[in-house]
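*Asks:* Predicted model follows, preceded by the sequence.
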Amino acid sequence: MKQGMAVRRFTVWHIGALAVALVMMSGCGGNADTAEAASAAAEASPGQEIYDQYCYSCHNPGLSGAPRLGDAEAWGPRIAQGRAVLLASTMEGIAPAMPQRGLCFSCSDEDLAAAVDYMIERGQ
């Protein structure tokens, strides 16, 4: 390497960590514009409200390899592993990009299970 020329390689971990940091800094925990919209989402599906508040920011655009909501081809192999595996991945996270509990540290295990169920329903 020539003097004065620094080369930095970004690994998948760096990119995932940057994505998580950007999600956290953007305050994406509150997508619903009004309490009415949040209430309507909860009525549609118990997990949709959690999804809309915490999961959408990565799963709608497919950020860092997250399977997009409704993409049956991407979800198929994941769903085939079983709900318990998907729920464990949600709670524990998957390095480097899936954050533990989807960054919803105020969510109960039941809340996260409802969000997983919602994504499974939409992914079939």
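*Replies:* Yep, that arrived.
*Asks:* ranges for the helices of this protein?
*Replies:* Counting by DSSP state H, one finds helices in the chain at the ranges 12-25, 35-44, 48-50, 56-59, 72-80, 83-92, 109-123.
*Asks:* weakest of these in terms of mean pLDDT?
*Replies:* If those are sorted by mean pLDDT, helix 12-25 sits at the bottom with a mean of 49.
*Asks:* since we're on the residue nearest to residue 64 when sequence neighbours are not counted, how many residues are nearby?
*Replies:* Once flanking residues are discounted, residue 64 sits nearest to residue 97: 3.5 Å by Cβ to Cβ, 6 or more residues apart in numbering. No exception for glycine: its C-beta is placed from N, CA and C like everyone else's. By other Cβ atoms under 10 Å, 19 other residues sit near residue 97.
*Asks:* Isn't residue 97 up against residue 67?
*Replies:* No: between residue 97 and residue 67 there is no contact under Cβ atoms under 8 Å: 11.5 Å.
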